[in-house]
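> sequence? don't have it. structure:
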């Protein structure tokens, strides 16, 4: 089933920020599983773009704004206008326009939530969104290239950069490195230059 929402083009700067877990209550509210421990992007955006579960993210043409039939397969992005999203007892819950009862909320189960990167609130000085760190090149103080940020991992008290590099000495075999993203090891982040400088050696 596809939700009775209008189809819409996925923004070029769309970022996946979470998924809809299930209905919550009987008035159309639903639970959300954010991808980040700090879900400010979910709270700040009043337009969520939804894709069905596990569908690759691809920009879609703008379709006519018509209520889809409920017996159609859900393949196109749809836009959900958010009434309210909030933290409730340690969980994220939200309600949207045209989602008026539990059945409508259940139809969204598993949907992937995307919001435009341009709608993210401005990060505080010295703070960074994970999505902005993915793909940055990491070098140490001596100028040695340690690899590219492939992922970030939360270990509870701190975040860890997961790097991937392909040293020439390894014959093209990729090498994974993990560097704690803390001031003791990270000298600076230069987003315009797409570079992170660290106090870290290749043989650590």
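In hand now; what should we look at? Please read these numbers as outputs of a predicted model, since none were measured by experiment.

> break the protein down into its structural domains.
Using automatic domain parsing, the domain ranges for the chain come out as 14-119, 130-198.

> following the lowest-mean-pLDDT helix or strand in the chain, which helix or strand shows up next?
Confidence across the helices and strands of the chain bottoms out at helix 40-44, with a mean of 87, counting by mean pLDDT, DSSP states H and E. On the C-terminal side of helix 40-44, the nearest following helix or strand under DSSP states H and E is strand 47-51.

> who's in contact with that next one?
Strand 47-51 has contacts (CB atoms under 8 Å, 6 or more residues apart in numbering) with 3, 5, 8, 10-11, 14, 20, 42, 57, 77-82, 96, 108, 111-116, 119. In this view, the C-beta of every residue, glycine as well, is placed from N, C-alpha and C.

> then stretch 134-142?
With CB under 8 Å, 6+ apart as the test, stretch 134-142 has contacts from 145-152, 161, 163, 179, 187, 189, 191, 194-202.

> at 7 Å what do you get?
The contact list for stretch 134-142 (CB atoms under 7 Å, 6 or more residues apart in numbering) reads 145-149, 161, 163, 187, 194-201.

> neighbour-wise, which of those residues leads?
When neighbours are counted by other CB atoms under 10 Å, residue 161 leads these with 27 neighbours.

> buried ones in the helix or strand hosting that residue?
Remark: residue 161 resides in strand 159-165, with elements defined by DSSP H and E. For strand 159-165, burial by neighbour count (16 or more other CB atoms under 10 Å) applies to 159, 160, 161, 162, 163, 165.

> could you dump these into a markdown table with pLDDT and distance to residue 30 added?
Output for the buried residues of strand 159-165, formatted as a markdown table (pLDDT from 0 to 100; distance: CB to CB, whole Å):
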| residue | pLDDT | distance to residue 30 |
| --- | --- | --- |
| 159 | 88 | 28 |
| 160 | 92 | 31 |
| 161 | 94 | 33 |
| 162 | 94 | 31 |
| 163 | 95 | 36 |
| 165 | 82 | 41 |
